[in-house]
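# Model the following, please.
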Amino acid sequence: MEWAATVRVGAFELDLRSRELRSAAGRRRLQEQPFEILRALVAAPGTVVTREELCRSLWPDGTFVDFEHSLNAAMKRLRAALGDDAIEPRYVETIPRRGYRLIATVQPAEGAGTGGRPAGDDPAARTHAARLAVLPFVNLSGDPSQQYFSDGLTEEMIAQLGRLCGARIGVLARWSSMLFRDGVRPIREIGEALRADFLLEGSVRRDGERVRITARLVETAGETHLWAETYERPVADCLSVQADVAKRIAVSLASELMPNAREMPRLDPAQAGAYQTYLKGRYHWNRPGDEGLAESIAYFDEALVQDPALAPAHASKARALVAQAEYYNEPAAPVLERAREAALRSLALDPAQWRAHVALGDVHRLLDWDWPAAEAAYHQATGLNPNSESAHRALAVLLTVTGRFGEAIEAVDRAAALDPLCLVVGTSAAWVRYIAGDYGTVVERCLHSIDMDHHYGYSLARRLLSAAYLQTGRAAEAVQLLELARSAGGDEPILLAWLVYARAAMGDDGGATSLMERLAGTDVPAYHLAIARVGLGDHDRAFAALNLAADRRDPAVGQLCVEPRFAPLRRDARFAALARQLGLPGTVSSH
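All right, here's what the predicted structure looks like:
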């Protein structure tokens, strides 16, 4: 296949004349052998290029080298240039004992060559890393109280497809898809908004103990219907219906890509009532912020009374308990221990419960400060479900606080690609870059989040934007932003603590001190109290607050060594001692 002089390979542009690989991070000139490998793969995207073919291309007859060792070394250099991973590839997949296959999207770069794709080139054929979005199943029951059932089926369908399709088909996460719940936008327009090649849409009609589920798979570019199916089953069979639909999609999109796909579990009729209760818990879990956490845990507990062996309910309960700690709704240490118990119980019942691995990783990170164990748990989760944005996002947090910023950005960008319209994911991507010192990108992403959702922008995105302004000498803008959030949301303790720091940075010591007095009457988390104390230059009280945060297992204390506002403390011996207590190197900050 002949391409123009410049082609786009995934997130990169490859100049076939200069051997340059360009991306948002810059440009680099590939060495000859890695370039020739990439050129051969680009010429046949989605096709296996054998090791023998590559060896003949790289070393003509008469060349005497250790072909196996030299090819492996050249491939390793190519993967390093692409930021690719042989275990979880996004660009080049290894076909054992045969060769390699380019799985990234290949297309002409904008403005390159003739501007069209090569004759006979089929986008679906070359885009093996296809993206699938599951739109919210429409509730046709005529009963708003049954919305949990259709929403729950949608979410579980996403989870099952994510596990079944693995890394070869990107299944978009729930939040982005749910934005199109009640819309009437054309299929092609939804596909463009989500950057999705395929949409699964459908409806649910429940009548007593029977349910009718209709599913339809559509290719977005041509709005082509690939298949449609209707299932009418007892409610007890709803999980098996999800499995049937998931397998039909996998076969329709790329059956040859998943020859060893795991069979999905069938729901025992005795579990039907427990499963419905579990879906109610998932419905409340997905409410904004921490609004539905207490209700979700109550429903998960009720489901487990009905069926103590329902592994997904244990896993979801574990994640909800972790969230209770992260939102400061309950003391962290005891609630995280409960999360550990729930996660371990889930994994004892079903080791493939990826949500339980995420929760266990969170417990290792937030309670145990066991960073290697947390990382292993997150990798286990992404291995079981490569399409889980929450697993990639949790991994990114761990990589960030341990100072591995390049890997963290890659992980959080994977999460953002899987849920492109989710404000939480977008703000997480901004936070990783804030810690890495890329303040221009932080500002851009936070403003985008604020524009997309004004209410959400008053909380996380506005606070993070103010912190980025402070690091770039824009203290007055930071104060203005936080005061605007305060006028809308009241004297929320964390916001007040950040405002103390910002006013002190602006030189308003009187205003900062006055706010500090107001803060003293609130239940401000110790970690954020330390930020306020640093702003006022009170290092002794800042260390006292940080020690208290460590004792209480404040969920944010692991950020100690990378948060730029703690830079004035880093030369103090007490800082190194605290970092050692957390099991972190005391000098991982990029600031």
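
# in stretch 23-43, what's buried?
Burial within stretch 23-43, assessed by neighbour count using 16 or more other CB atoms under 10 Å, is assigned to 30, 33-43. C-beta coordinates here come from the backbone N, C-alpha and C atoms, glycine included.

# for stretch 524-544, same thing?
Taking 16+ other CB under 10 Å as the basis for neighbour counts, the residues of stretch 524-544 that come out buried are 524-536, 539, 542-544.

# hang on, the earlier thing: quick one: which of the buried residues of stretch 23-43 is nearest residue 469?
When those are compared for distance to residue 469 (CB to CB), residue 30 wins out at 38.6 Å.

# Number of residues surrounding the residue nearest to that closest one when sequence neighbours are not counted?
By the measure of CB to CB, 6 or more residues apart in numbering, the closest residue to residue 30 outside its immediate chain neighbours is residue 19, 4.9 Å from it. Neighbouring residues of residue 19 were enumerated by other CB atoms under 10 Å; the total is 17.

# confidence score at residue 443?
At residue 443 the predicted local distance difference test score is 92.

# I meant to write residue 50 there.
According to the per-residue confidence, residue 50 scores 89 in pLDDT.

# so what's it bridging to?
Following DSSP bridges, residue 50 is listed with bridge partners residue 99.

# Residue 101 is in contact with that one, correct?
No - taking contacts as CB atoms under 8 Å, residue 50 lies outside contact range of residue 101: 10.3 Å.

# more neighbours, those two?
Counted by other CB under 10 Å, residue 50 and residue 101 do not tie: residue 101 has more neighbours, with 18 against 13.

# surely that one meets residue 46?
Yes - assessed by CB under 8 Å, residue 101 is found in contact with residue 46 at 6.5 Å.

# rewinding a little: which of the buried residues of stretch 23-43 fall in helices?
Restricting the buried residues of stretch 23-43 to those inside helices, with DSSP state H as the criterion, leaves 33-42.

# As JSON lines, those residues with distance to residue 78 and pLDDT would be great.
Output for these, formatted as JSON lines (distance: CB to CB, whole Å; pLDDT from 0 to 100):
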{"residue": "33", "distance to residue 78": "8", "pLDDT": "80"}
{"residue": "34", "distance to residue 78": "4", "pLDDT": "84"}
{"residue": "35", "distance to residue 78": "8", "pLDDT": "86"}
{"residue": "36", "distance to residue 78": "10", "pLDDT": "87"}
{"residue": "37", "distance to residue 78": "5", "pLDDT": "90"}
{"residue": "38", "distance to residue 78": "6", "pLDDT": "90"}
{"residue": "39", "distance to residue 78": "11", "pLDDT": "88"}
{"residue": "40", "distance to residue 78": "11", "pLDDT": "89"}
{"residue": "41", "distance to residue 78": "9", "pLDDT": "90"}
{"residue": "42", "distance to residue 78": "12", "pLDDT": "88"}
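
# how about TSV for these, with distance to residue 414 added?
Output for those, formatted as TSV (distance: CB to CB, whole Å):
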residue	distance to residue 414
33	28
34	23
35	26
36	28
37	24
38	21
39	26
40	26
41	21
42	22
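
# shaky segments in this structure?
Counting by pLDDT under 70, the ranges of the chain that qualify are 1-5, 24-26, 59-67, 109-129, 164-168, 182-184, 237-271, 454-458, 586-591.

# Can you show me the strands along it?
6-9, 12-15, 20-23, 26-29, 48-50, 92-95, 99-102, 106-108, 130-134, 138-139, 169-171, 198-207, 210-219, 224-234 (DSSP state E).

# Can I get these in TSV including distance to residue 361?
What follows is these, written out as TSV (distance: least, CB to CB, whole Å):
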stretch	distance to residue 361
strand 6-9	32
strand 12-15	30
strand 20-23	29
strand 26-29	32
strand 48-50	35
strand 92-95	26
strand 99-102	31
strand 106-108	34
strand 130-134	25
strand 138-139	34
strand 169-171	21
strand 198-207	29
strand 210-219	33
strand 224-234	35
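
# And those: which comes nearest residue 390?
Distances from residue 390 to each of the strands of the chain were compared using CB to CB; the shortest belongs to strand 169-171, at 13.0 Å.

# So which elements touch the closest one?
For strand 169-171, the elements it packs on are strand 130-134, helix 147-165, helix 238-254, helix 405-418, judged by 3 or more CB pairs under 8 Å, 6 or more residues apart in numbering; DSSP states H and E.

# Just the CA atoms of stretch 354-361, as CSV, please.
Extracted in CSV, the C-alpha atoms of stretch 354-361 (Å, rounded to 0.1, in the frame of the first residue of the first chain):
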residue,chain,number,x,y,z
TRP,A,354,-11.6,-6.3,37.7
ARG,A,355,-13.5,-3.7,39.8
ALA,A,356,-12.3,-5.7,42.9
HIS,A,357,-8.7,-5.4,41.7
VAL,A,358,-9.1,-1.6,41.3
ALA,A,359,-10.6,-1.3,44.8
LEU,A,360,-7.8,-3.5,46.3
GLY,A,361,-5.2,-1.3,44.5
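
# next one: it to chain centre, how far?
Here the centre of mass of C-alpha atoms in stretch 354-361, compared against the chain's by CA atoms, centre = their mean, to the nearest Å, lies 14 Å away.
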